[in-house]
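> quick one: sequence and predicted model below, then my questions.
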Amino acid sequence: MSAGPSQRYHLADALGTDYLSALEDISSDDRAHWDRAREYTAEILPLINDYWDRGEYPTDLVRRAGELDLLTDGLEVPGHRTMSPLAAGLVTMEISRADGSLAAAAAVQGGLVLRSVVLFASDEQKQRYLEPVASGELLGGFALTEPNHGSDSVSLETSARREGSEWVLNGHKKWIGNGATGGITIVWARDEADGQVKGFIVEQSTPGYSAEVIQGKGALRAIHQAEITLDNVRVTADAQLPNVSSFKDVSRALVETRVNVGWSALGHATSMFEAALSYAKQRNQFGKPLAGHQMVQERLAQMLAELTNMQLQCVAVTRLQTTGTMRPAQASMLKYHNTRAARRIASVARDMLGGNGILLENHVIRHLTDVEALHTYEGTESVQALILGRDLTGISAFA
């Protein structure tokens, strides 16, 4: 007698895990933002595995996030509902619970590009770019990282030279989300005259701007990231972001996105923990559900403790954001802790699912690999550790 078809498991349903009620006491306004993100999650979950598997970037789903007003990341944009820092975190968490690629797209679009326009642009630039970027109509990239300068982005080599009423940009950038979508790119370059870092809004159709989508990724496969070449790219003087005078200004945007990364890690970890819990209840081995075995219960308890600590750190740091008292090192600790914890949860959850853990239909393997990328960008583990070490000791150990 032949074996029947293999069992299908239902592992994507949200279980609302919040063991210490860290996310329970939120305002109706914050909950409304979270509910819109849940609506978005419900739309993308049935679709994302296929895009991820094929390495295709569903830009229509990024624009759908804009239609639902999910791209403003706590920034005040005329005509859009302003999210509190907590609401922005919940939105990031929820999108990440569904997919890391689209969460990264939202982080680039709102957390980096829109934030750069809000913080650094002229009134004329805001008039031109704020609404199309906030709505997702115009996709944007944030070109800071270079092939030879990732963690030490302060040492960037891309140059900017003033020639009359124009700037001439030369250099290379790498890992730039939305860098090849046909929209705009915020290019960070070092002024040859004074050695300071300056920002420019560059239309991707500008002559000399070329971008190649990076192929062969094992993570974040449903967002296109580009390697960019700037070959005597000429932009008019009004393309310069006037409120940037040094790399310290760029850091203002990066600190906020580190908080975003902490919430994103929480979203990934929540998905993987809840998938493992659901699987343990649905999968039978040795005559009873996996959940009835002592070793499995111990692993679930271990993951729950990690997840709860992640939630508590997110809420604590976001409370500091809300009061305007957050220090950059505190954002670094959140990023440092939560991405490390998400990796540990990923490892245990994948192992608990056995062979089924490597199937895309069960979601865990996609989150596991995407967390590897999350752990690296916006400052590697080593960089965050050195920031924390400097804050603790007063001594800089950066090379």
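Great, that's in hand.

> can you read off the pLDDT for Met1?
We have a pLDDT of 38 for Met1.

> which parts of the stretch 201-350 of the chain are strands?
Ranges of strands in the stretch 201-350 of the chain, per DSSP state E, counting those that start in this stretch, are 209-213, 225-236, 284-285, 288-289.

> okay, which residue is most central for this structure?
Closest to where the C-alpha atoms of the chain average out (Cα atoms, centre = their mean) is Ala104, at 3.7 Å.

> excluding covalently adjacent residues, which one is nearest to that one?
Ile223 (5.2 Å; Cβ to Cβ, 6 or more residues apart in numbering). In short, each C-beta sits where N, CA and C put it, glycine included.

> surely that neighbour meets Pro58?
No. Contact criterion Cβ atoms under 8 Å: Ile223 and Pro58 do not qualify, at 9.1 Å.

> now Leu90: how far from Asp35?
10 Å (Cβ to Cβ, to the nearest Å).

> those two - which one has more neighbours?
Neighbours were tallied for Leu90 and for Asp35 using other Cβ atoms under 10 Å; the higher tally belongs to Leu90 (26 against 13).

> give the contact list for that one.
By Cβ atoms under 8 Å, 6 or more residues apart in numbering, the contact set of Leu90 is Leu23, Ile26, Asp30, His33, Trp34, Ala37, Trp263.

> out of these, who's the most crowded?
The most neighbours of any of the contacts of Leu90, using other Cβ under 10 Å, belong to Trp263, which has 30 neighbours.

> hmm, that one is touching Met93, no?
Yes. Counting by Cβ under 8 Å, Trp263 does reach Met93; the two are 4.7 Å apart.

> ok, and the closest non-adjacent residue to Ser148?
Residue 148: Asn, not Ser. Spatial nearest neighbour of Asn148, chain neighbours left out: Glu157 (7.2 Å); criterion: Cβ to Cβ, 6+ apart.

> how many other residues sit next to the one you found?
Using other Cβ under 10 Å, Glu157 has 13 other residues around it.

> what does Thr236 give?
Close neighbours of Thr236, defined as other Cβ under 10 Å, add up to 10.

> that one pairs with what?
Judged by DSSP bridges, the bridge partners of Thr236 are Glu166.

> swap in Gln240?
Legend: beta-bridge partners of Gln240 under DSSP bridges are Phe200.

> I'd like to know how many residues surround it.
So Gln240, with other Cβ under 10 Å, has 22 neighbours.

> quick check: which ranges of the stretch 101-250 of the chain have low pLDDT?
Flagging of the stretch 101-250 of the chain using pLDDT under 70 yields the residue ranges 150-153.

> what ranges do the helices span in it?
Taking DSSP state H, counting those that start in this stretch as the criterion, the stretch 101-250 of the chain carries its helices at 115-120, 123-134, 247-282.

> JSON lines for those helices, including distance to Asp351?
Converted to JSON lines, the helices of the stretch 101-250 of the chain look like this (distance: least, Cβ to Cβ, whole Å):
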{"stretch": "helix 115-120", "distance to Asp351": "38"}
{"stretch": "helix 123-134", "distance to Asp351": "41"}
{"stretch": "helix 247-282", "distance to Asp351": "9"}
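
> mind checking these for the one nearest to Thr17?
helix 247-282 (6.0 Å; Cβ to Cβ).

> which parts of that closest one are buried?
Neighbour-count burial for helix 247-282, counted by 16 or more other Cβ atoms under 10 Å, picks out 247, 249-250, 253-280.

> quick one: contacts for Leu290?
So Leu290 contacts Tyr279, Ala280, Lys281, Arg283, Asn284, Val296, Met352 (Cβ under 8 Å, 6+ apart).
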